[in-house]
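Asker: Pasting the sequence and the predicted model now:
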Amino acid sequence: METRDAVAAVRRRRACPDCGKRFTTYERVDSLPLVVRKRDGSPETFERDKLIGGLVRAAYPRRLEQAFLEEIADAVSAALREAGGELPSERIGELVLRELRDVDPVSYVRFASVYRNFSDVAEFESELARLERPDQAPSPSSSVRTKAEDPVLPPNTVQTAIPGSSDKEF
């Protein structure tokens, strides 16, 4: 029915010839094996669906469009490719947090709580304080790096969704 270029993919709208139901497919080419270097130093194959699953859990029941979450995953994939196919998990988490921070602070804190492994309420309070005062210098152990501080990551190519702009809830 329709074909468009998407970030690192080709988006196709299709229709089932039998029932007429419409659906979208994405075609991606992965030329490099993409690897995430875990905190313990072990390598793990990057799983885009695993990242999207974490984003969906963080965004539930917020009103973030699935397409926005897919764009974040595409931006992470692009960063991995640009870095030669491997990045530490900390860089990936920081990239995701940077994208979520301004769009949906609740999803940001939920993702940060898992990514940074918050162990008590004080860590949540500290993160909320940083969100409320963007001019405050975050601590080095839990900061969201700026683009200038992280030259390995590509420029932001994600188009931010407007929270509440979709009828879907995740």
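Answerer: Happy to help now that I have it. Source: prediction; values computed, not measured.
Asker: can you give me the helices for the protein?
Answerer: 48-59, 66-82, 89-103, 105-115, 121-132 (DSSP state H).
Asker: domains of the protein?
Answerer: Residue ranges for the domains of the chain, per automatic domain parsing: 1-30, 32-149.
Asker: thinking again about what came up before, what's the closest of the helices of the chain to Lys38?
Answerer: Among the helices of the chain, helix 89-103 comes nearest to Lys38, with 5.4 Å by C-beta to C-beta. Where you see a C-beta, it was placed from the backbone N, CA and C, and this is true even at glycine.
Asker: Tabulate the domains of the chain (TSV), appending mean neighbour count.
Answerer: Shown next, in TSV, are the domains of the chain (neighbours: other C-beta atoms under 10 Å):
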stretch	mean neighbour count
domain 1-30	11
domain 32-149	16
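Asker: and those as TSV, adding mean pLDDT?
Answerer: Formatted as TSV, the domains of the chain follow (pLDDT from 0 to 100):
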stretch	mean pLDDT
domain 1-30	79
domain 32-149	83
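Asker: gap between Leu51 and Arg98?
Answerer: 14 Å (C-beta to C-beta, to the nearest Å).
Asker: Serialize the helices of the chain to TSV and add fields for distance to Ala15.
Answerer: Formatted as TSV, the helices of the chain follow (distance: least, C-beta to C-beta, whole Å):
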stretch	distance to Ala15
helix 48-59	24
helix 66-82	19
helix 89-103	32
helix 105-115	32
helix 121-132	43
